[in-house]
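Trainee: only geometry, no sequence info:
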């Protein structure tokens, strides 16, 4: 693992500690490292934590429903009449919701959609009514916002799970490569029609997709726009597991509830530990 920069305080502390373990027995070293990460993750939590089983006081969201209960924070995309297309305001709300979830005491954070669609990608009507003189500034602002949005996934400090309840399009697909697990209904499809729209893939997918499914399959999806069924996406490694649609909600939430009961002071540090070993 390369040494972190001097201002990357948490990762530098972990790096220094790991290298200081020296000739300790393997099990003792691992436990010392887990203890350190546990203390680091605990110190990053907000003092305004809520008890498991209690809904967090809702910040006002227009395009999301956000709840925290039984160790699970749910971020639900809530524009069902627009197939949960992401507009500028929804991007900003997701950024805020992920920031809040990173500081609460939930064990898991889950991203899902309300209605028949998981998410139909970007709401292209965001650019309707924009004059030629406004386009450049609008694009620049959106790029800056998208960078913050993607970093919210990359830097998220807990297991982040996508529950794909229906079709997913565009950025709703590409950011799945930044999630830690993806559970899908067998009714879900995964489509990235970037070339057809004259766009380039976003959400780090040009890096994550070849890592997940290999270069040839990534090109077929990102460049040639092949739409995948849930089973095909699972076979390629983009989806963790597929469930029958008629039992999807029941099975997935039972699974997640069981995961949320894992001790946070063990599961979250081990989550950090795994990512460190994969670097």
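Mentor: That came through fine. Quantities reported herein were computed from a predicted structural model and do not represent experimental measurements.
Trainee: what ranges does the stretch 151-279 of the chain have for its helices?
Mentor: 171-174, 194-197, 205-213, 215-222, 230-235, 248-260, 264-278 (DSSP state H, counting those that start in this stretch).
Trainee: nearest to residue 65, out of the ones you listed?
Mentor: Closest to residue 65 of these, according to Cβ to Cβ: helix 248-260, at 14.9 Å. Glycine gets a C-beta too; all of them are placed from N, C-alpha and C.
Trainee: mean confidence score for the closest one?
Mentor: Helix 248-260 shows a mean pLDDT of 96 in the predicted model.
Trainee: residue 230 reaches residue 188, doesn't it?
Mentor: Yes. The criterion here is Cβ atoms under 8 Å, and residue 230 meets it with residue 188 at 4.5 Å.
Trainee: got any residues that touch both of these two?
Mentor: In terms of Cβ atoms under 8 Å, 6 or more residues apart in numbering, residue 230 and residue 188 are both contacted by the residues 164, 242.
Trainee: walk me through the domains of this structure.
Mentor: Per automatic domain parsing, the structural domains of the chain span 9-46+269-278, 64-264.
Trainee: in CSV: the ones you listed, plus mean neighbour count.
Mentor: CSV is the format used below for those (neighbours: other Cβ atoms under 10 Å):
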stretch, mean neighbour count
domain 9-46+269-278, 14
domain 64-264, 18
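Trainee: now the helix or strand where residue 139 lies: average pLDDT?
Mentor: Per DSSP states H and E: residue 139 is located in helix 132-154. The predicted model assigns helix 132-154 a mean pLDDT of 86.
Trainee: any idea how far it is from the chain center?
Mentor: Remark: helix 132-154 is offset 19 Å from the chain centroid, using Cα atoms, centre = their mean, to the nearest Å.
Trainee: helices or strands up against that helix?
Mentor: Under the contact definition 3 or more Cβ pairs under 8 Å, 6 or more residues apart in numbering; DSSP states H and E, helix 132-154 sits against helix 88-103.
Trainee: after the helix it packs on, heading C-terminal, what element do we hit next?
Mentor: Beyond helix 88-103 toward the C-terminal end (DSSP H and E), the next one is strand 108-113.
Trainee: which strands or helices does that next one pack on?
Mentor: For strand 108-113, the contact count by 3+ Cβ pairs under 8 Å, 6+ apart identifies strand 72-77, helix 88-103, strand 160-164, helix 248-260 as packing neighbours.
Trainee: among those, which is nearest residue 177?
Mentor: Residue 177 sits nearest to strand 160-164 of all those, at 10.2 Å, using Cβ to Cβ.
Trainee: what pairs with that closest one, parallel or antiparallel?
Mentor: Using DSSP bridges, the strands paired with strand 160-164 in its sheet are strand 108-113 (parallel), strand 181-185 (parallel).
Trainee: could the ones you listed go into JSON lines alongside mean pLDDT and distance to residue 261?
Mentor: Output for the strands paired with strand 160-164, formatted as JSON lines (pLDDT from 0 to 100; distance: least, Cβ to Cβ, whole Å):
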{"stretch": "strand 108-113", "mean pLDDT": "98", "distance to residue 261": "10"}
{"stretch": "strand 181-185", "mean pLDDT": "98", "distance to residue 261": "16"}
